[in-house]
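Trainee: Build me a model from this:
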Amino acid sequence: MILKIDFESDLPIYIQLKTQIIEGIAAGVLKEGDPLPSVRQMASDLGINLHTVNKAYTFLKQDGFITVHRQKGVVINSIHGRRVNEDYLARLHKDLSSLAAEAYCRGMNEEEFKNICTELFTKFKSQSPKW
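Mentor: Prediction:
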């Protein structure tokens, strides 16, 4: 999987990294048990600070997307480690609320917004293994 960091983006690099890894999992590019580079290797490969990679990995681990093994290193976690819970639902509601508000303020109608959400969800659903 090729990760691309936009150094000009307002989005913090650790969020870009976390998001791209999650999208890789959703698209089926990264599968359960697949290894990720070590913090040092990822930082070196991307030309970023190792603390930035560590922060992204910490959030991915907390959210159940990766597991850190002493022998195997960093690996993609099974689906059982990343179920929907109350914290996730609250974060999803907050994130979608911001996006819906901006779409509304820009004049997008409800149907257009729903269509984009459906299109994106369907894209990942069709690319990934059946959960």
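
Trainee: per-residue pLDDT, residue 45?
Mentor: Residue 45 is assigned a pLDDT of 95 by the prediction.

Trainee: per-domain residue ranges of the protein.
Mentor: 13-81, 86-127 (automatic domain parsing).

Trainee: Quickly compare these and say which is most buried.
Mentor: For the domains of the chain, the largest average neighbour count (mean count of other CB atoms under 10 Å) is found in domain 13-81, namely a mean of 16. To be clear about C-beta, it is placed using only N, CA and C from the backbone, and glycine gets the same treatment.

Trainee: How far off centre is it?
Mentor: Computed by CA atoms, centre = their mean, to the nearest Å, the chain-centroid distance of domain 13-81 equals 9 Å.

Trainee: out of the domains of the chain, nearest to residue 4?
Mentor: Closest approach to residue 4 among the domains of the chain (CB to CB): domain 13-81, 7.4 Å.

Trainee: still on that earlier bit, redo the domains of the chain as JSON lines? Include distance to residue 3.
Mentor: Below are the domains of the chain laid out as JSON lines (distance: least, CB to CB, whole Å):
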{"stretch": "domain 13-81", "distance to residue 3": "5"}
{"stretch": "domain 86-127", "distance to residue 3": "17"}
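
Trainee: My guess is residue 52 contacts residue 14. True?
Mentor: Yes - in this structure, residue 52 is within contact of residue 14 by CB atoms under 8 Å, at 5.1 Å.
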